[in-house]
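> Build the 3D model from these lines:
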Amino acid sequence: MPLYTCYDMIRDCAANRPEGWRFFVTEYAPILRTLLEHYRPEAAAEWPAKAPEMLRRFDAAFFAACGPRSERDFLLSLRQQLLAWLEPHDASDPRVWDAFSHALAPLTLTEKQVVWFEVMGYGKDDSAAMMRMHPDGVERIRRKAAEALAQHGGVVDRDCLRSSVAALPADGCCEAKDFFDWLDGRITWYRRDDLERHATHCWRCVDLFCRVREVSRLAQRRKPLSAGEARPLLAALGIPESAPRSWSDRLRFWRRLTRTGA
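Next up, the predicted model:
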């Protein structure tokens with residue numbers, strides 16, 4: 001049997017095929033729950049009851065818009081779509097953003113990522129793991145940043161800062177693939193130098209680099225659902241546990257899926 005991959009899942013979910021939805025629920029529902037637990041703990045508490053509704057929102061159109069892509073690229077899209085639903089309102093404030101970016105302008109790219117992980121709500125241990133550094137180093141950088149911010153009012157509104165960075169215009173910015181290649185060691189020193197030179201002065205790229213690190217860790221640490229754990233979710237979504245045996249079975253599945261809005 002050929003290996004079933006994220007590429008196959010995206011194609012099959014875009015076509016409303018049950019094998020794609022089974023793979024999506026089994027492999028990626030745990031990641032959605034992890035993101036909810038981090039960014040909206042109150043929503044994560046309702047996960048058992050709300051999971052089918054949440055999963056239905058990732059419909060065939062979402063997968064069609066994704067197009068063929070690697071797993072980590074897909075996780076970036078999944079994360080962004082989830083947070084767009086969780087944080088629909090623009091909380092940006094130019095005054096808060098200007099004070100924040102001006103205070104931290106002298107920091108290096110590594111230091112800015114450490115600070116941005118704090119804006120993303122991560123503690124020093126998680127930040128250290130994603131940055132591949134010691135927690136003590138994270139703590140030192142955060143103290144340095146806090147001192148710089150204190151001289152400019154010391155206001156750190158995480159929702160405001162995340163909204164503000166999302167609104168920044170792209171100006172020769174890096175692609176996610178650039179940072180994936182950086183993490184994987186598939187980049188020349190010349191290219192890395194170019195990326196670092198730009199990203200050090202671009203908070204939009206700092207945010208992207210942190211999101212790349214975040215989804216890379218999520219992919220590494222994910223634990224797929226067991227058959228027993230997946231069964232109630234699949235049943236709630238009207239997805240058969242095993243592959244339909246005939247085209248008539250497939251047609252019945254497709255009709256159920258379109259009726260439930262998956």
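> where are the low-confidence patches of the stretch 51-200 of the chain?
Confidence mapping of the stretch 51-200 of the chain against pLDDT under 70 gives the ranges 88, 154-155.
> Could you rerun that using 80?
Within the stretch 51-200 of the chain, the set of residues satisfying pLDDT under 80 comprises 87-92, 153-156.
> the strands in it, which residues?
Per DSSP state E, counting those that start in this stretch, the stretch 51-200 of the chain carries no strands over any range.
> What's the separation between the residue lying closest to residue 12 once chain neighbours are set aside and residue 35?
Spatially, and ignoring its direct neighbours in sequence, residue 12 is nearest to residue 20 (2.8 Å; CB to CB, 6 or more residues apart in numbering). Just so you know, the C-beta spots here come from the backbone N, C-alpha and C atoms, and that holds for glycine as well. Counting by CB to CB, to the nearest Å, the separation of residue 20 from residue 35 is 21 Å.
> what's the answer for residue 216, then?
14 Å.
> Repeat that for residue 11.
Distance from residue 11 to residue 35, by CB to CB: 24 Å.
> how about the residue nearest to residue 12, secondary structure?
Recorded secondary structure, residue 20: helix (DSSP: H, G, I helix; E, B strand; the rest coil).
> That one contacts residue 13, correct?
Yes: using CB atoms under 8 Å, residue 20 is in contact with residue 13, at 3.8 Å.
> The two: which is more packed in?
residue 13 (24 against 21; other CB atoms under 10 Å).
> Contacts only, for the more buried one.
Residue 13 makes contacts with 20-21, 24, 58, 60, 63, as judged by CB atoms under 8 Å, 6 or more residues apart in numbering.
> give me the element it is part of.
helix 6-14 (DSSP states H and E).
> What residues sit buried inside that helix?
Buried residues in helix 6-14, counted by 16 or more other CB atoms under 10 Å: 6, 8-14.
> Of all pairs in those residues, which one is the farthest apart?
Distance extremes for these: the farthest pair is 6 and 14 at 12.5 Å, using CB to CB.
> Dead centre of this protein: give me the residue that sits there.
residue 79 (3.1 Å; CA atoms, centre = their mean).
> returning to what we had before: anything in contact with each of residue 20 and residue 13?
In contact with both residue 20 and residue 13: residue 63, using CB under 8 Å, 6+ apart.
> how does this protein divide into domains?
With domains defined by automatic domain parsing, the chain comprises 6-88+226-260, 94-221.
> what about the longest one, start to end distance?
Which is domain 94-221. End-to-end distance for domain 94-221, by CA to CA, to the nearest Å: 36 Å.
> for stretch 147-159, same thing?
Rule used - CA to CA; the end-to-end distance of stretch 147-159 is 21 Å.
> That concludes my questions; thank you for your assistance.
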